[in-house]
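Enquirer: what would the 3D arrangement of this be:
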Amino acid sequence: MEITVSKTALLDKLKSIGRIIQPKNSLPAYDNFLFVIDEFGIILVTAGEEGGRISTNIDGTADFISYSFMTNAKTLLDGLKEITEQPLVITILEKELIVKYVNGKFSIPLEKGDQYPSMNTDNTATPFLVSGNDLLYGIKQVLFCSANDELRPVLNGVYFDIGLDSMSFVATDGTRLAMIENPSPYTRKERGAFILPSKFAKLLSNIVPEDCLEAEISVNQTNILFEFESYRLTCRMIEGRFPNYRAVIPQKQPNRAVLKKADIVSALKRVSVFCDENSSLVVLKFDPSSLKIEARDLYFSRSAEETVTLQSGCNIEIGYKSSFLIEMINNIPSEDITINMSDPSKASIFTRCDEEVRSLTYLLMPLSINY
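Expert: Numbering: from 1, shown residues only. Next up, the predicted model:
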């Protein structure tokens, strides 16, 4: 039994789905790629872990049908990566896989595919369509705010809030919050919501092409299925009720400042070197035309300050954790940003200034200024 396939086509697909494989798996079978050649001769490859799996089609030809096998993912990837682009002939024996190329070959063990763990899925869910670009943008813009909290697992993912003609992507760790709201080009018959685990959200953000026109999502009681182009990702959703995120977004923020993103990020990176190592506190002192950024470490008797020109400003003094502030501002896809504040003890809102159909809202809780 032989499969003929392009080296690049095979390796690219294996690398993309191989991201899901964990260094240490609960079941040894998850260390493997599962190859399935269906009754039509289509080559399907799957990689997975306990919480989910991803499959893709491989462009190639097989001289057999209705057969499956699995082989070690790391060994196969390592064997392929140094081979130059060329057609490969993969021979499948009873317990051995042989990869032949122009000037050589390598062989690795294989096992029957029926030993790969099955995953229960419910095919009764009604699928709905989303724009592939909206899906990619929404996940990328909020994922950095998701938590890693064993006590509050509902925060360890991206929340999809699906309306009849819009969709929101939300993530929060309790200190910061990110929300993307965008009108959907597809009208739906019913509302829906689910929490996608962070590791699968990150996987999606790495493999959904930027030019992907649409993706199909199906949600049942326990699982979520994403289908786009030649990929199919299935995973368990996070169970539980996501916090009422709209209730924590302040409605009145009388203090507003507009400034260049590049100016504040570069200044913050320089000044934050001198922050207190425990709190990472930076203090932002706004006036109508400028912003002074200060950091102090009293224990080591060091400090720094820098002034940035504002496009418009206000009078307020407020403190933030420097790493959170830099990451949040860096993720705003706009040259100019707006910071809306009420007082030094309440959450501030960070948004983009340019016109964009997809609404972006970032929320950051301030720190007490203790010097």
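Enquirer: burial count for Leu268?
Expert: Counted with other CB atoms under 10 Å, the neighbours of Leu268 add up to 23. C-beta coordinates here come from the backbone N, C-alpha and C atoms, glycine included.
Enquirer: what does Phe64 give?
Expert: The local packing of Phe64 (other CB under 10 Å) involves 11 other residues.
Enquirer: am I right that it is in contact with Ile37?
Expert: Yes: contact criterion CB atoms under 8 Å: Phe64 and Ile37 qualify, at 6.3 Å.
Enquirer: what stretches of the chain score poorly on pLDDT?
Expert: 121-124, 355, 357, 371 (pLDDT under 70).
Enquirer: so which residue is smack in the middle of it?
Expert: For the chain, the residue lying nearest the average C-alpha position, counting by CA atoms, centre = their mean, turns out to be Lys202 (2.7 Å).
Enquirer: check the secondary structure at the nearest residue to that one once chain neighbours are set aside for me.
Expert: Nearest non-adjacent residue to Lys202, counting by CB to CB, 6 or more residues apart in numbering: Leu143, 6.3 Å away. Using DSSP: H, G, I helix; E, B strand; the rest coil, the structure places Leu143 in helix.
Enquirer: please enumerate the helices of the stretch 251-371 of the chain.
Expert: Taking DSSP state H, counting those that start in this stretch to define them, one finds helices in the stretch 251-371 of the chain at 261-271, 322-330.
Enquirer: out of the ones you listed, the one nearest Leu151 is which?
Expert: helix 322-330 (20.0 Å; CB to CB).
Enquirer: and the closest one with helix 261-271, angle?
Expert: 160 degrees (axes from the mean of the first three to the mean of the last three CA atoms, to 10 degrees).
Enquirer: buried ones in helix 322-330, by neighbour count?
Expert: 322, 324-329 (16 or more other CB atoms under 10 Å).
Enquirer: which elements pack onto it?
Expert: strand 176-183, helix 261-271, strand 281-286, strand 359-364 (3 or more CB pairs under 8 Å, 6 or more residues apart in numbering; DSSP states H and E).
Enquirer: of all these, which lies closest to Ala29?
Expert: Of all the helices and strands packed on helix 322-330, strand 176-183 sits nearest to Ala29, with 36.2 Å by CB to CB.
Enquirer: does that closest one pack against any helices or strands, and if so which?
Expert: helix 132-142, strand 166-172, helix 322-330, strand 359-364.
Enquirer: export these to CSV and tack on distance to Cys212?
Expert: Listed next are the helices and strands packed on strand 176-183 as CSV, based on distance: least, CB to CB, whole Å:
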stretch, distance to Cys212
helix 132-142, 3
strand 166-172, 15
helix 322-330, 25
strand 359-364, 21
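Enquirer: coming back round to it: burial of the residue nearest to Lys202, as a residue count?
Expert: Around Leu143 there are 20 residues (other CB under 10 Å).
Enquirer: now do Asn223
Expert: Using other CB under 10 Å: Asn223 sits among 18 other residues.
Enquirer: ok, Gln251 to Asn340 distance?
Expert: 11 Å (CB to CB, to the nearest Å).
Enquirer: okay, these two: which has more neighbours?
Expert: Using other CB under 10 Å, the more surrounded residue of Gln251 and Asn340 is Asn340, with 18 against 6.
Enquirer: list the beta-bridge partners for that one.
Expert: When bridges are taken as DSSP bridges, the partners of Asn340 come out as Arg256, Ile349.
Enquirer: just to check, it is in contact with Cys353?
Expert: No: the pair Asn340 / Cys353 is not scored as a contact, 11.7 Å apart, by CB under 8 Å.
Enquirer: closest one to Val5 among the helices of the stretch 251-371 of the chain?
Expert: Closest among the helices of the stretch 251-371 of the chain, using CB to CB: helix 322-330, at 40.2 Å.
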